[in-house]
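Peer 1: one predicted model, sequence on top.
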Amino acid sequence: MLKRNSVPAPSSPVRQSDFIITQKARAAALQKADSERAQKRLENDARLDVNASKWRYESPR
């Protein structure tokens, strides 16, 4: 089976300009989402109790 290129090459300069603008907007949105996820992860990690496993999971004797 032949693989198709997922990014078609724009033929005219106008379409190429639109394509570049779209790609830059998509990259900016992905970067913003990544930074928001990282911030949320930091906030959630700060709420974890590091001593929780010491009392929650006692080994049965």
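Peer 2: In hand now; what should we look at?
Peer 1: where in the chain is pLDDT low?
Peer 2: Applying pLDDT under 70 to the chain flags the ranges 1-13, 52-61.
Peer 1: helices along that one, start to end?
Peer 2: 13-47, 52-56 (DSSP state H).
Peer 1: reformat those as CSV; add mean neighbour count.
Peer 2: Yep, even glycine has a C-beta here, placed from its N, CA and C like the rest. Below are these laid out as CSV (neighbours: other Cβ atoms under 10 Å):
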stretch, mean neighbour count
helix 13-47, 10
helix 52-56, 9
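Peer 1: distance of residue 16 from residue 30?
Peer 2: Applying Cβ to Cβ, to the nearest Å, the value for residue 16 to residue 30 is 21 Å.
Peer 1: repeat for residue 43
Peer 2: Applying Cβ to Cβ to residue 43 and residue 30 gives a distance of 21 Å.
Peer 1: so how far is residue 21 from residue 27?
Peer 2: For residue 27, the distance to residue 21 equals 11 Å [Cβ to Cβ].
Peer 1: swap in residue 28?
Peer 2: In this view, residue 28 and residue 21 are 11 Å apart by Cβ to Cβ.
Peer 1: much appreciated, bye for now.
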